[in-house]
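Undergrad: Predicted model, plus sequence, below.
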Amino acid sequence: MSKKWWKEAVVYQIYWRSFFDSDGDGYGDLRGVIKKLDYIKNLGVDVIWLNPFYQSPDRDNGYDISDYYGIMEKAGDMAAFDELIHEIHQRGMKVIMDLVVNHTSDQHPWFVESRSSKNNPKRDWYIWKDPKDGREPNNWRSYFAPSCWEWDKASGQYYYHSFAVEQPDLNWENPELRQEIYKMMRFWLDKDIDGFRMDVINLLAKKEDLSEAENPYDISYLANNPGIHDYLQEMHREVLQHYDVMTVGEIPFVSPEEGLLYVDESRNELNTLFHFQVADEMPVWDMLRFKEIQTSWHEGLKKKGWNSQFLNNHDHTRQVTRYGNDRQYRIQSAKLLAAMIHTLPGTPYIYQGEEIGMTGVRFDSIEDYNDIAMKNKYHEEVSKGRDPQEVFESLLLLSRDNSRTPMQWNASSQAGFTAGEPWIKVNPNYKEINVESALNDTDSVYYFYQKLIELRKQNEVMVYGDYKDLLPDDEHLYVYTRSYNDVTWLIVLNHDDEQQRFTFNGFTNRKLILSNYRSEFEKNEEVLHPHEARIYKIN
Ligand code: TEU
C-alpha cells in the first residue's frame, strides 16, 4: 500500500467553541486555539481538525451555514483564521476544516431566494416537492425532526431536510450548485488548508423513489443513494486532485463493502472515512461485536482503502464514560482505550480532552442542555404524553453535550476556559480532571498519549502492519498482532473490571514496550489487572 502522510498522522479534533475563550464572551474562539497550539504540538499530533466556524445562525453549532466565505463572529474573523493557519504550519502541523455541503442554514441567501417563489432561479438549488394527498410526500424522518419535509406556506411546497428544519438540503443534481461548491472549496484550499473532514458526505445524493419507508425510524434511506459516487468523483476531478490534501468523509450507514467504494484508492473519491458501526451499534461496550467490526473493516479495506479510528467526537459521548469505566478505573481505562485506538489499523483521532480522560456529564435539567438533537427529541416525546423526567433520563447517556462541555485547563473558576460565563456549563469534576494537573503528573493519561504517538511515529508496524485478532471469542480480553515486514507487535488489552489471565503461548521471545500499569506484572506476567493494556514487541 502506498505510504501517505495522512496514514501516518494522528489527528486532534478541536471543537473550538469549547476549547479556549480568548476574549471572555463565553465561547472558545480561533485566537483561543492559537494560544493553545504549543500544548497540542507537545502532545505530538500532526493534524488538527477544526469543527465549522463559517457564518451561521448557530442553531446546530455551526453545521447550519449562512455564508461559506465568512467567519462566525463568536469564532473570530478572517485575520484570526489566517493567523491560525500560519501558526499551525509554523509548528509543522497541518489543519483540516469541516466541509458542510449537504445542507445550508435556512438563512443562507441561496435558500432565502429559493423559497421566495417557485420560479426563482435558485429554486432548483434545494429540494422542493408538492404535497401528496394534502400532506408530506412520504413518511421519512430526518435526523433531528419527525419528518424530513417542511411545509413552506408562501410558495406552497415542501422542502427536504435531512437534519433540522433550519437545515434545508442542497440539490446536488443541479450542476450550477455543484460548481459553486467547488469554487468555495478552492477558496479555502488556496488559503493553504490541508484538507477537509466532509460532513455526512454520503447523504448528497437523494433517493428518487419516494415510496413510504416500512420502518421510518431506520433513516438509512437518507444515505448512499445512486449518483453519490459520480458527485464525489467529479469533486475529486474538479478540485481535490489539484492539491496534496487529506479528505475524511463522514459516512454513516455503510458496511465495509460499501465503505470501500468511497475510499478505494483506484476510484479517486476520498482518502479515508468515519463509519459509524461502533457508534450506532454499541450504545455501551460490546467486546465481541467490536472485534467483528474491526476484523470486517480490516479485511474489507485491505490494501485498497484506508480507515480511521475513533470512539468519540463532538456528537458522541466521551469514550471513557461510554466504553470504559469513568469511576474506579478512569485513568487505566482511558489509557487502555488510547492504546487500542492507536494500535488498530487506520488513522487515529483524538477528541479534545480525551487526552486527559475527560468524562461525560449529567446535568440536572433539560434547560442545562443545548444540543438541538437532544432537545428536539425531548419535545417530540413529551408532546406524545410521555413523562418528561423519564424522557430526560433516557436521553442523558447519548446526549451530544456529553462531549461538548468546556475543555478543563485548570482548577480555577470555569476550569480556566473563560473569564466570562461559558455557553454551556463546565463539568463539575474539573478540579480533579484538568490539563494542569495532567501535565504535573508524569503518570497521567496525557503522557501516555504522548508516548503512544511517539511510538507510532517511530514504528511503521503501527501504521502499515497487518492486523490479526487472536481471541475473537473472548469477552474480556482483546489480543491482536500487527505485523509489518519482519516486525510483529502483540497488543494485550484487558477490557474488564476484574483480573484476567493470558498465557503467552508461542510468544516466548517478547519485550514489553508500553503498559498502563507499572511493572507490577513482573511477579506474574500472565495476570492482567483491571483495564490493563500492554504492547509487546515479538522477536
Ligand atoms: O453529524 C451527522 C450525524 O448525525 C452523525 O455524526 C451521527 O452521529 C452518525 O451518523 C451516526 O449515527 C454531522 C455533524 O457531526 C453533526 O454535529 C451535525 O449536527 C450534523 O452532521 C448535521 O450537519
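TA: That came in fine, so what should we check first?

Undergrad: tell me the SS of the residue nearest to residue 510 when sequence neighbours are not counted?
TA: Nearest non-adjacent residue to residue 510, counting by C-beta to C-beta, 6 or more residues apart in numbering: residue 536, 4.5 Å away. Every C-beta, even on glycine, is put in place using the N, C-alpha and C of the backbone. Here residue 536 is recorded as strand under DSSP: H, G, I helix; E, B strand; the rest coil.

Undergrad: now residue 115
TA: Of the three states, residue 115 takes helix under three-state DSSP.

Undergrad: What distance do you get for it to residue 125?
TA: Here the criterion is C-beta to C-beta, to the nearest Å. By it, residue 115 lies 11 Å from residue 125.

Undergrad: Which one's more surrounded, these two?
TA: Each of residue 115 and residue 125 has its neighbours counted (other C-beta atoms under 10 Å); residue 125 has more, 23 against 20.

Undergrad: Name the residue of the stretch 1-150 of the chain that lies nearest to the ligand.
TA: Taking C-beta to the nearest ligand atom, the ligand has its nearest neighbour within the stretch 1-150 of the chain at residue 63, 3.3 Å off.

Undergrad: Tell me, how many residues neighbour that residue?
TA: Neighbour tally, residue 63, other C-beta under 10 Å: 25.

Undergrad: Without its sequence neighbours, what residue ends up closest to it?
TA: residue 100 (5.5 Å).

Undergrad: returning to that earlier point: I am assuming the residue nearest to residue 510 contacts residue 509, so please confirm or correct that.
TA: No. Taking contacts as C-beta atoms under 8 Å, residue 536 lies outside contact range of residue 509: 9.8 Å.

Undergrad: Look at the residue nearest to the spatial centre of the chain and report its pLDDT.
TA: The C-alpha lying nearest the average C-alpha coordinate of the chain belongs to residue 313 (C-alpha atoms, centre = their mean; 4.1 Å). Note for residue 313: predicted pLDDT of 98.

Undergrad: Quick check, it in contact with residue 351.
TA: Yes. Counting by C-beta under 8 Å, residue 351 is a contact partner of residue 313 at 5.1 Å.

Undergrad: Overlap of the contact sets of these two?
TA: Residues touching both residue 313 and residue 351 (C-beta atoms under 8 Å, 6 or more residues apart in numbering) are 13, 403.

Undergrad: Residue 332: what secondary structure?
TA: Applying three-state DSSP: residue 332 is helix.

Undergrad: Go ahead and confirm it touches residue 530.
TA: Yes. Counting by C-beta under 8 Å, residue 332 touches residue 530, with 6.6 Å between them.

Undergrad: Which of the two has more residues huddled nearby?
TA: A direct count of neighbours by other C-beta under 10 Å for residue 332 and residue 530 places residue 332 higher, at 23 against 18.

Undergrad: Contacts only, for the closest residue to the more buried one other than its chain neighbours.
TA: In this structure, residue 332 finds its nearest non-sequential neighbour in residue 531, 3.9 Å apart by C-beta to C-beta, 6+ apart. Contacts for residue 531 were tallied using C-beta under 8 Å, 6+ apart; they are 324, 325, 329, 332, 333, 335, 336, 494, 495, 496, 497, 516.

Undergrad: Could I have the buried ones of those as ChimeraX selection syntax?
TA: Buried members of those, defined by 16 or more other C-beta atoms under 10 Å, are picked up in ChimeraX with:
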select :324,325,329,332,333,335,336,494,495,496,516
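
Undergrad: Secondary structure, distance to residue 197 and pLDDT for the contacts of residue 531 - can I get that in JSON lines?
TA: Output for these, formatted as JSON lines (DSSP: H, G, I helix; E, B strand; the rest coil; distance: C-beta to C-beta, whole Å; pLDDT from 0 to 100):
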{"residue": "324", "secondary structure": "coil", "distance to residue 197": "25", "pLDDT": "97"}
{"residue": "325", "secondary structure": "coil", "distance to residue 197": "30", "pLDDT": "98"}
{"residue": "329", "secondary structure": "coil", "distance to residue 197": "31", "pLDDT": "98"}
{"residue": "332", "secondary structure": "helix", "distance to residue 197": "30", "pLDDT": "98"}
{"residue": "333", "secondary structure": "helix", "distance to residue 197": "27", "pLDDT": "98"}
{"residue": "335", "secondary structure": "helix", "distance to residue 197": "26", "pLDDT": "98"}
{"residue": "336", "secondary structure": "helix", "distance to residue 197": "26", "pLDDT": "98"}
{"residue": "494", "secondary structure": "strand", "distance to residue 197": "33", "pLDDT": "98"}
{"residue": "495", "secondary structure": "coil", "distance to residue 197": "28", "pLDDT": "97"}
{"residue": "496", "secondary structure": "coil", "distance to residue 197": "33", "pLDDT": "96"}
{"residue": "497", "secondary structure": "coil", "distance to residue 197": "35", "pLDDT": "97"}
{"residue": "516", "secondary structure": "coil", "distance to residue 197": "29", "pLDDT": "95"}
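
Undergrad: Could you single out the nearest of the contacts of residue 531 to residue 75?
TA: Nearest to residue 75 among the contacts of residue 531 is residue 324, at 31.5 Å by C-beta to C-beta.

Undergrad: In the stretch 151-300 of the chain, what residue spans correspond to strands?
TA: Using DSSP state E, counting those that start in this stretch, the strands of the stretch 151-300 of the chain run over 157-160, 195-198, 246-250, 272-274.

Undergrad: From the rest of the structure, what touches the first one?
TA: The set of residues external to strand 157-160 that reach it, using C-beta under 8 Å, 6+ apart, is 115, 118, 126-131, 136-137, 148-152, 168-169, 206.

Undergrad: From the residues you listed, which land in helices?
TA: residue 115 (DSSP state H).

Undergrad: What subset of the contacts of strand 157-160 is buried?
TA: Buried, going by 16+ other C-beta under 10 Å: 115, 126, 127, 128, 136, 137, 148, 149, 150, 168, 169, 206, out of these.

Undergrad: Now compare these and name the two farthest from each other.
TA: 115 and 206 (18.2 Å).

Undergrad: per-domain residue ranges of the chain.
TA: Domain assignment for the chain by automatic domain parsing gives 109-160, 364-399, 463-538.

Undergrad: Which residues of the stretch 51-200 of the chain lie near the ligand?
TA: 60, 63, 100, 143, 163, 199, 200 (C-beta under 6 Å from any ligand atom).

Undergrad: Equivalent analysis for the stretch 201-350 of the chain, please.
TA: 250, 252, 276, 279, 280, 314, 315.

Undergrad: Columns neighbour count on top of those residues, output as CSV?
TA: Formatted as CSV, those follow (neighbours: other C-beta atoms under 10 Å):
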residue, neighbour count
250, 22
252, 21
276, 15
279, 19
280, 12
314, 21
315, 17
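
Undergrad: So which of these are in helices?
TA: 279, 280.

Undergrad: for the residues of the stretch 201-350 of the chain next to the ligand, which one is nearest residue 12?
TA: Distances from residue 12 to those, taken as C-beta to C-beta, are shortest for residue 314 (12.9 Å).

Undergrad: Identify the spatial nearest neighbour of that closest one, chain neighbours not counted.
TA: residue 15 (4.6 Å).

Undergrad: now do residue 40
TA: Nearest residue to residue 40 in three dimensions, chain neighbours excluded: residue 12, at 5.6 Å (C-beta to C-beta, 6+ apart).
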